[in-house]
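**Student:** got a sequence here, can you model it:
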Amino acid sequence: MKLFHKIINGCVNFMQKYLPEPFIFAIILTFVAIAVAMPVCHQSIVEVVSNWGGGVWNLLGFSMQMALVLVTGATLAAAPFIKKGISKLASLPKTPAGAIALVTAISAVACWLNWGFGLIVGAIFAKEIAKKLKNVDYRLLIASAYSGFVVWHAGISGSIPLKMASDLNELVKDTNGVITNTIAITDTILDPHNIIMVVLVTIALVAINSAMHPKGNNIVTIDPALLHEDDAVETHGHASQKTPAMKLEYSRFLSILLSILGFSYLIISLFLKGKSFDLGSVILLFLFLGIVLHKTPIAYVRAFAKSVGGAAGILLQFPFYAGIMGIITGVGESGICLGTVVSEAFVNISTSTTYPIYTFLCAAILNMFVPSGGGHWAIQAPIMFAAGDALNVDHGLTGMAIAWGDAWTNLIQPFWALPALAIAKLNAKDIMGFCLIDLVVSGIIIIGGLLIWAI
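**Tutor:** Residues are numbered from 1 along each chain as shown. Below is the predicted model:
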């Protein structure tokens, strides 16, 4: 056990010392991509810079979604009713190990159900536990809340398996005609192999995160000032002094009416029209629940304004990752794409048995530069499904290998940790040492699961 904690401390200290602030990490990745793309793809500096600049705004809509899921989620959590519920649930664990285990399990289940929901709920719950349990390591608590994110792409909001099950014309186009029928989620997300992998990864994370809790003086708690949230004070004023404008601002009826409108749309969209519960649905759910639970429009406005600052990292960094995606997917006069080169390198060393594992590792590497399921699909779908078809590898397995690889290295990629870090008021280097251990443990299980699935 002493050796185990020595390894943990080594990983934590390494990340503390060498992992820069997430924005600096994005800058470094940008220049690494440029340095690799020029010689490998035979592109000039003009071509690479053009590809970078052309991609900068490609995640603009997604950036807004991510900012809104963070802000609306944090605002919902600030509603008195939700705060009381979370506070009661956070009182359940009585030991640090129990707290870590509960946070990890809730995070994994929530992320499997919907990744946007899981990212926010896990971090908020972990922060509330830190207020209740004084001897729990705050860094590990937030790392545990984030670690559950590794199962998101194997869950029911996974973009790649859902894309494979939806529009056939788009599927045929994206795979260059290799896939001619949609792939049902029973062959991907709900395949027994995938379900078993999700369960085993979750159990392993619960166990390893609990075991990683530091001992004695190595425990790092949080300054209570960082956990304190000032409750918005509403000034209703004397009844005789209320203006018509103030009556609207403090009108519960207006909040209820607006929420009915929003919930009606969600019901029509999800249950009558059969649309998927996507990130937009999560945002709308957070938004209208928050409006009704804050009771008055002005109370929601004030709580929302307090939560906006946490989205700063997202708004700053997402354009840079979109630029990196432009470099990875961009093609110059040579006709060579860096993403294609990486994918083909793994294909060339694969057999029918090892192909899913190499596909997983390829996606894991690309994810460090293109942390987007849609980006992975654009890069790998035309290549990986054709190669998998030639090797007689099931299309569902190929798709899930890409999905697992995309999710796996999120554990050490600060990009997706930004919402959780904003809520927790921590830096990436504070949690990534623990996440590195989670990466190794979950990676062994995933690779083993893919190998058994292939056999």
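
**Student:** for the residue lying closest to Cys362 once chain neighbours are set aside, what are phi and psi?
**Tutor:** Nearest residue to Cys362 in three dimensions, chain neighbours excluded: Phe346, at 4.1 Å (C-beta to C-beta, 6 or more residues apart in numbering). To be clear about C-beta, it is placed using only N, CA and C from the backbone, and glycine gets the same treatment. Backbone torsions for Phe346, taken as degrees, to the nearest 10, come to phi -70, psi -40.

**Student:** Phe346 contacts Ile357, correct?
**Tutor:** No. Between Phe346 and Ile357 there is no contact under C-beta atoms under 8 Å: 9.3 Å.

**Student:** of those two, which one has the most company?
**Tutor:** Phe346 (23 against 20; other C-beta atoms under 10 Å).

**Student:** OK, contacts around the residue nearest to Cys362?
**Tutor:** Phe346 is in contact with 358-359, 361-362, counting by C-beta atoms under 8 Å, 6 or more residues apart in numbering.

**Student:** averaged pLDDT, the helix or strand hosting Leu451. What do you get?
**Tutor:** For Leu451, the enclosing helix or strand under DSSP states H and E is helix 428-454. For helix 428-454, mean pLDDT rounds to 96.

**Student:** residues of it that come out buried?
**Tutor:** Across helix 428-454, burial judged by 16 or more other C-beta atoms under 10 Å covers 428-439, 441-443, 445-447, 449-450, 453-454.

**Student:** please name every helix or strand in contact with that helix.
**Tutor:** helix 2-18, helix 138-147, helix 192-211, helix 355-369, helix 395-408, helix 414-424 (3 or more C-beta pairs under 8 Å, 6 or more residues apart in numbering; DSSP states H and E).

**Student:** mean pLDDT added to these, as a markdown table?
**Tutor:** Conversion of the helices and strands packed on helix 428-454 to a markdown table gives the following (pLDDT from 0 to 100):
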| stretch | mean pLDDT |
| --- | --- |
| helix 2-18 | 89 |
| helix 138-147 | 95 |
| helix 192-211 | 97 |
| helix 355-369 | 92 |
| helix 395-408 | 95 |
| helix 414-424 | 86 |
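
**Student:** may I see these arranged in CSV, with distance to Pro244 as well?
**Tutor:** Formatted as CSV, the helices and strands packed on helix 428-454 follow (distance: least, C-beta to C-beta, whole Å):
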stretch, distance to Pro244
helix 2-18, 56
helix 138-147, 45
helix 192-211, 54
helix 355-369, 54
helix 395-408, 52
helix 414-424, 37
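
**Student:** quick check: which of those is buried the most?
**Tutor:** helix 138-147 (a mean of 30; mean count of other C-beta atoms under 10 Å).

**Student:** which parts of the stretch 51-200 of the chain are helices?
**Tutor:** Secondary structure of the stretch 51-200 of the chain (DSSP state H, counting those that start in this stretch): helices at 60-77, 80-90, 96-113, 115-132, 138-147, 159-164, 168-174, 192-211.

**Student:** quick one: residues contacting Phe62.
**Tutor:** So Phe62 contacts 318, 372 (C-beta under 8 Å, 6+ apart).
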